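Student: curious how this folds, go ahead:
(2 chains)
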2 protein chains.
Amino acid sequence: MLVRSRHALLRACTALRARAVWYQSSPSTSRKGPLLLGAPQLRPLSCTHTPCRAAAAHTVSVQGANSLSLRSHACGELRAHHVGESVTLCGWVQYLRQNLFVILRDFSGLAQVLIPQEESASHLRAGLCDLTTESVVKVTGTVRRRPAGQENTGMPTGEIEVLAESVEVLNVCRTLPFEIKDFVKKSESLRMKYRYLDLRSSEMQRNLRLRSQLVMRMREFLCNQHGFVDVETPTLFKRTPGGAKEFVVPSREPGRFYSLPQSPQQFKQLLMVAGVDRYFQVARCYRDEGSRPDRQPEFTQVDIEMSFVEQAGILALVEGLLAYSWPAEKGPVQVPFQTMTYEEAMRDYGVDKPDTRFCMKLMDLSPVFSSTQAEFLRSALSKPAGSVQAICVPSGAKLFSAKDLEELKRTARTLFGQELSVVLVRADGTLKSPLKKLLSASATEELLQGSGAQPGDLLLLAAGALHTVRPLLGKLRMQCAELLESRGVSVRDPSAFHFLWVVDFPLFLSKEEDPEQLESAHHPFTAPLPEDTHLLYTEPHKVRGQHYDLVLNGCEIGGGSIRIHKASEQLHVLKNILQEDPSLLSHLLEALDSGAPPHGGIALGLDRLVSIMVGAHSIRDVIAFPKSFRGHDLMSCAPDFVSEEELKSYHISVNWPAEQEGGEEGK
Amino acid sequence: MLVRSRHALLRACTALRARAVWYQSSPSTSRKGPLLLGAPQLRPLSCTHTPCRAAAAHTVSVQGANSLSLRSHACGELRAHHVGESVTLCGWVQYLRQNLFVILRDFSGLAQVLIPQEESASHLRAGLCDLTTESVVKVTGTVRRRPAGQENTGMPTGEIEVLAESVEVLNVCRTLPFEIKDFVKKSESLRMKYRYLDLRSSEMQRNLRLRSQLVMRMREFLCNQHGFVDVETPTLFKRTPGGAKEFVVPSREPGRFYSLPQSPQQFKQLLMVAGVDRYFQVARCYRDEGSRPDRQPEFTQVDIEMSFVEQAGILALVEGLLAYSWPAEKGPVQVPFQTMTYEEAMRDYGVDKPDTRFCMKLMDLSPVFSSTQAEFLRSALSKPAGSVQAICVPSGAKLFSAKDLEELKRTARTLFGQELSVVLVRADGTLKSPLKKLLSASATEELLQGSGAQPGDLLLLAAGALHTVRPLLGKLRMQCAELLESRGVSVRDPSAFHFLWVVDFPLFLSKEEDPEQLESAHHPFTAPLPEDTHLLYTEPHKVRGQHYDLVLNGCEIGGGSIRIHKASEQLHVLKNILQEDPSLLSHLLEALDSGAPPHGGIALGLDRLVSIMVGAHSIRDVIAFPKSFRGHDLMSCAPDFVSEEELKSYHISVNWPAEQEGGEEGK
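Tutor: Numbering: from 1, shown residues only, chains lettered A, B, ... in the order given. Below you'll find the model as predicted:
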C-alpha cells in the first residue's frame, strides 16, 4: 500500500472524501467572508480560498465499522446474502489450510478465503501460500457459497467463502512468541509482556468491546436522558491528610508534591456547591497499595453526584442506569434490586456484601443451647452479644471429606481465632459430632428442627460474640459453596446477576487500636439517617448513615451516600466525633457555608463490574494494559530507573536502601 | 429536608421508586433461583427473598433533568404554557427585590418567585424576606402570568412568576467572598480560590455544559456510528527517553519511577497491532512545562486511531466528527475543510497554523527589487533563499500611528533580529518611506501594482532568508490584525470558525544546536509520503511526512499522522536518521514485526477546541478546576509539602535548595 504513487493516493483521497461529506445542512451555501462591522469601512480583508481537495458537496453518509477504510466488509459479517458480491477484506492470517484456504481474521471474526488453483493464478497462489501466520493482508474477491457438505455450522461465516482475486501483503509477521489461538494457554507474564498479541484473542476483543459499549450506554442514560454533565476533575491534587495510599508527584518547587487522588470525592461535592446539579465522570483513580498482591495502581470508577435528591433517588437512578446499559446478551436486569440493611446482611450472611445467588443463611441456634451442658457454649452465651450461630450445608455430610472439615476448622482458627463445632447428619438421621454427647434427645430434635438440617447435611456451629461468629460463618459459607461446587454441585449460577443494595450502615466504627475513638465507616462526608441525626450529639456510635453499597454476586461494585451539606454538622463530625483537624478541610467547610444544596452520589467500580459481567477471572482481563500482579508493566518495564540528573529538576533524590542502613550519606 | 421523619422519607422513596422502574422488558417475570445442573441433585440452595422496597413493576420512565429530584421543574424552563401549574423549584436566592420577589436561580436560569403579601402568609413572608443571597431553598407554588406591563422580555422566564405557597430553607448561605453576579468582575486568583462560587456564573455553567455535550456527540459519532472502541490506557507508564516534560511518580521500589505520559501514542499504536481496529479515548494527558506561564499540567485530548486507513480517511472522519458534534447554536460546520500544504501555509501566511479568517497574505516582492539600488536589499536577494517579502495592511497608513509603526519594527528586531521597511501610501498615492529615494518611478509603479496597495494602505517589507522573513511577516500580520481591531476595524469575525488542514509537513528538521543532525518534526512514528519514501535512504531532510495539523482560527487544535507500520522502516528512522538507541523502543519494534496493520490517527486538544468554540479568553474558562497561571490549585493549595515520613515509603528525600548549595548534607 505504501508504495502507491502519490497520484493514486490523491485519487483515492478524492473518492473517499467525496463520499464522506456528512451532515452538511446546506451544501450549496458558499463560504462567506467575515462581516465587516464598525467604521471605517474598508475593502474586505477576507479572501476566498479554493479548497485543495474536492469540494463536491455530497451528503452521502457512510457509517459503520467499515467507513473510510481500505476494506469493504469485515471478515465476520459475511453471510449467505453476500454471495456474488465483490468484497475487500483486511485482516490477519489465522492459518493456512491445505494450501487451499487462508483463514483471515479481523476484530469481527473469521472468514475463509479460497486460493484459486488455476494455472493463470499461480502468482496469486504462490503469494498466498507463502504467507506466515499473523501477516496482514488485503484480499479482494467474490463471495461464494461453500460447496454442499463443506459448510461449517460452528463458524458464523461458515456458509460462505471468498474466492481471492487479488491480494496485497500489507505487512509480514516475522516473530511470534506464542500462537494466537484461543486454545493456546499462555503464562500470565507472557500475556502481559506481549499484551498486543494477547489482545488479539476473541475473548479479549469481546471484553474490551463490551466494556466500551457498556460505558457508552451509561453515558447515554446519564447525559442524554437525565441531564447529567460530564465534568473532568483534576488528578494532580493536594495530598489528603493521612492519605497513605496516594501516590505523590514531585513538582518543580522544592518539597512540594501533587498527589494522585483515590477518587474525585471532594471535587464532586464542590461541583454540587457550584450548582452543576448533576455530575458524572468515568474517572481514573489511583491507589498505592504497596505490597498488596493483585493490585491495579490505577482503576476506573463511574462517578456520579446529584443535587436535590434523596437516597431512594440515587438507588433508582443506578438501577435504571444498569438496566439500560446492561448488554442484551447478558440477559435483562431485574429492577428494583433487592435491598437489605447492614444489620440484616450481617445477621443472615455474616458479611456486608452477601452473595445472594444461594442461601445457606446463618441461623441463630442460641435457644437450642440455652440450657446446654457444654461449658464452652454456656460461657459464650453468657457474655455480651454472645450467641451460637450456625450454617447448614446441604449434603455437606455426604460430600465433604474429613480433610475438608479440617480445612474449615483451620479457617476458623487461623483467621478468626475461633473453634468450630461440626455436626454431621447421617443418612439415618442420627448425628455424628463431638457435641452429640452434650445434647439431650429433645435438644437434638430442637437442633434438627431449628436448623432444618436433613440427612446428609452438615451443620457448622460457632459460639461467641456476634461480631466474631457472624463474619466467621460468613466466610465458611463461601468456602462451603466452593467446596460443594468442586464436588459437582451447582451452587452459584455463573450466568445469574444478583444485584443487591445494602443500606443503613453504621456511620462510625470503633478504631481497632483504640475502641474509645471512632472513625468513619466509609468517609466523613456521609450524612446520618434523618432519624439518627440527634444521636450525633449524644451517642454517635449508634448513628446509622445514609450510605449504600451496591453488591453484585457477592462483590461490592459500588458505594455512595447522601452527604452532609451543612457546615455546622460537618464541623461537628470532623472536630468532635472524629477528632480531626478541621483546618485541613477548610475549603470544603467554607464551601458548605456558601450555599451547598442537599446532595448525594455514588461511585461504581467499572473494572470489577465489567469483569463480573463478562465472567472474567481477574479484572486484568477487562483492562487493555493492566499492571502485573506486582504492579509492573511487563511490556515497557515500568516503573523503571530514572537518572539522578532527571530527578534534579524535582529536587528529590533516591534513598537507596543500603545507604539508608549505613546512615545518612545524602544523595 | 434532613429533619423529616424516617417514615416520610420511606414514603417518598416508595413513591420515587415506583415511578422509576425503567426498561423492565418483562415486568411480570418472577425472580428465578439459580439453575441446578449436574449430579448430585440436591434441594435448592437458592432462597427467594422479599425485596425490602416496593417491587411494583411499573414501566414508567421518568426522564430529563428533573427526574428523581426534589424539584418538579427547573427554574429556567418555566414558560407561559406552565401558567396554572403547581411547581416545586429548588435553587439559590439570586436576590430579593422590594421584599416582594425572590429571584431564584438554578443551572437552567432564573425564575421570579412572588412573596405572598396577605396577613395569613406572614410566616412564609417573614421566612422569605430573611433569606440571605445564595441560600438554598425549595419553593412550591403556582405559576401565574405576570401582570400586564410587568413582563421582562430580557428574561426567558419573564412572562411568568411563581406565587409561593410553601418554602423550605435547605441551607443558609453565611459567607461570600464576592457576589455571584455575572457583571461582578473578580480577580483571577479570587475566582480560583473560590472556584465553586465562580462556577455558579451563567458563563461557566454554559461552558461546562457545552463541553459535556460536545464530547457526548463525539462519542456517539465515533462509538455508535463508526465502530470505534473506547479503550482506557494507563497513565502510570514508563518514562520516555529524554521525556523532560513528563512528571515522575515514585514507586515503593527504591529508585523506580512511573511516568505520567504526554499522550497515549505508544498505546494507541499497540492497540492497532492488537487488532482493536478503531480506538478512541478522551484521554487525560500530562505535561510538566516547568516555568512556562499559563500552563495546565494536565489536559485532555480526543485521541483517535484507525487501522486500514489512509490520510484522507482520517481527515474525512474528523470533519464528520466536528460537523456532527458542533453545537447547533454555534452554526453549522462546513465540510470538507480547506486544506493547504505546509509550504503553502508558510508561503502565504508565514506560519504553519494560519488564521484564514482574514487575508493580508505574504507577497514575494523580490522581482520589484531585482535591480534595486538599495544595498541591503540586493545583499539579501543574493544570498541562498534570499527574498523580499511584504504584507499590505489595508488602511494601515491611515490608521496606524508613528508609535504603532515603531512597535512593529521592534517586534521585527527583538524577536527576529530583522530590519523592517515601512512604506505608507498617502491619500494622493505617493509614498512615504525611507525606501522612496531608492525606488525609480517604474519600480514604485511596480511595487504598488505588485502589492495591490492603495491609498491609505501600509506596506511592511522584510528582506532576508525565507525561513526568517516569512515567520517575521506571519507574526506582523497577526499584530497588524490586532492593531486594526483596536482601531475599530473588524478583521476577524469572532463568530466564524475557519477550520483548516495543513498537510505535507517536512518529516525531519535540523536540530538547532547541530544543523547536521536531524530530529523529528513531530514524532518518530510518522510515515513518509509514499512518493518520498525512497528519499529516506538518500536525502532524509527532503522527506515530507504523512502528518496533518488541524487549525481553527489560527490555533492548532489537533495533529496526527499515518504511522510507520513496518519494523524495518521504523528501525531505519530511529537508528540511522535520528541516531537514537532503538532498544528503548524495542517493544514497539517487536510489535511492528508481529503483524502490524497500516494505521494512523489524530489527537484533538479538547480544552483548546472548546475554548475557541465558546469564545473563552483562556482554556481555564472551559476546565472545571484548572491550575493557576503558576500551576497551583489555589483552592486546596496543591502542590503542597509532604512530610519526610510520608516520603519514606517511596525512598526519596527532598533536596532543599539551601542545603544543595552548601554541599551534600543528605536528607
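
Student: what about the helices in the stretch 501-650 of chain A?
Tutor: Remark: helices assigned in the stretch 501-650 of chain A by DSSP state H, counting those that start in this stretch are A:567-571, A:586-592, A:606-614, A:644-648.

Student: quick one: the ones you listed as TSV, columns for distance to chain B and mean neighbour count too.
Tutor: Heads up, the C-betas are built off the backbone N, CA and C, glycines and all. Below are the helices of the stretch 501-650 of chain A laid out as TSV (distance: least, CB to the nearest CB, whole Å; neighbours: other CB atoms under 10 Å in any protein chain shown):
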stretch	distance to chain B	mean neighbour count
helix A:567-571	8	18
helix A:586-592	5	20
helix A:606-614	9	22
helix A:644-648	7	13
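
Student: could I get those as TSV with mean pLDDT?
Tutor: Listed next are the helices of the stretch 501-650 of chain A as TSV, based on pLDDT from 0 to 100:
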stretch	mean pLDDT
helix A:567-571	96
helix A:586-592	94
helix A:606-614	96
helix A:644-648	91
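
Student: kindly reformat these as TSV containing distance to A:Glu512.
Tutor: Below are the helices of the stretch 501-650 of chain A laid out as TSV (distance: least, CB to CB, whole Å):
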stretch	distance to A:Glu512
helix A:567-571	25
helix A:586-592	27
helix A:606-614	26
helix A:644-648	38
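
Student: so which of those helices is nearest A:Lys398?
Tutor: helix A:606-614 (30.9 Å; CB to CB).

Student: other SSEs contacting the closest one?
Tutor: Here helix A:606-614 touches helix A:202-219, strand A:298-307, strand A:555-562, going by 3 or more CB pairs under 8 Å, 6 or more residues apart in numbering or on different chains; DSSP states H and E.

Student: for those, which one sits closest to chain B?
Tutor: Proximity to chain B (CB to the nearest CB) singles out helix A:202-219 among the helices and strands packed on helix A:606-614, at 4.2 Å.

Student: does chain B have contacts with that closest one?
Tutor: Yes - part of helix A:202-219 sits near chain B under the criterion CB under 8 Å from any CB of the partner chain, namely A:Gln205, A:Leu208, A:Arg209, A:Arg211, A:Ser212, A:Gln213, A:Val215, A:Met216, A:Arg219.

Student: same list (the helices and strands packed on helix A:606-614) but as JSON lines, adding mean pLDDT and mean neighbour count.
Tutor: JSON lines is the format used below for the helices and strands packed on helix A:606-614 (pLDDT from 0 to 100; neighbours: other CB atoms under 10 Å in any protein chain shown):
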{"stretch": "helix A:202-219", "mean pLDDT": "97", "mean neighbour count": "20"}
{"stretch": "strand A:298-307", "mean pLDDT": "97", "mean neighbour count": "25"}
{"stretch": "strand A:555-562", "mean pLDDT": "97", "mean neighbour count": "21"}
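
Student: A:Ile160 touches A:Gly141, doesn't it?
Tutor: No - judged on CB atoms under 8 Å, A:Ile160 makes no contact with A:Gly141 at a distance of 10.9 Å.

Student: from the recorded domain assignment, give the ranges for chain A.
Tutor: A:1-22+A:57-63, A:75-171, A:206-341+A:499-622, A:363-486 (automatic domain parsing).

Student: okay, these, which one's buried deepest?
Tutor: domain A:206-341+A:499-622 (a mean of 20; mean count of other CB atoms under 10 Å in any protein chain shown).

Student: for A:Phe228, grab phi and psi.
Tutor: Main-chain torsions, A:Phe228, degrees, to the nearest 10: phi -80, psi 150.

Student: quick check, pLDDT for it.
Tutor: In this model, A:Phe228 is scored at 98, pLDDT.

Student: contacts only, for it.
Tutor: Applying CB atoms under 8 Å, 6 or more residues apart in numbering or on different chains to A:Phe228 gives the contacts A:Leu222, A:Arg278, A:Tyr279, A:Phe280, A:Ile304.
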